[in-house]
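Peer 1: Pasting the sequence and the predicted model now:
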Amino acid sequence: MITKQIAQTHRGELWHMSAKNADGTPVRCRITGLCQTWITRPGDFKLPVKHGLRQSFYITPSNAAEWCTPELWPAESELHRA
């Protein structure tokens, strides 16, 4: 799961927790900009990312549970246990 702290400090790519590519690897996206935060909404953040050649979107608190860093990605055995 991506937290506000991870969104502000992590550089590189993020992996989807459940979606897989055709070869069985997790779907990946790369961070394309700085994390946007607000003073009036301390828990909110918006992290711009890109998947593939043209698909760009934001990771926000509403979809942050679907993504993680490669270091935090659970092992295959942990995914089937849940």
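Peer 2: Okay, I see it.
Peer 1: tell me the contacts of W73?
Peer 2: Neighbouring residues of W73 by C-beta atoms under 8 Å, 6 or more residues apart in numbering: W15, M17, P26. Just so you know, the C-beta spots here come from the backbone N, C-alpha and C atoms, and that holds for glycine as well.
Peer 1: Tell me who's in contact with I2.
Peer 2: Here I2 is in contact with L14, L47, I59, A64, A65, W67, C68, T69 (C-beta under 8 Å, 6+ apart).
Peer 1: Oh, that last question was meant for S62, not what I typed.
Peer 2: Counting by C-beta under 8 Å, 6+ apart, S62 has no contacts.
Peer 1: Where does it sit: helix, strand or coil?
Peer 2: coil (DSSP: H, G, I helix; E, B strand; the rest coil).
Peer 1: what are the ranges of the helices in the protein?
Peer 2: Secondary structure of the chain by DSSP state H: the helices cover 4-9, 76-81.
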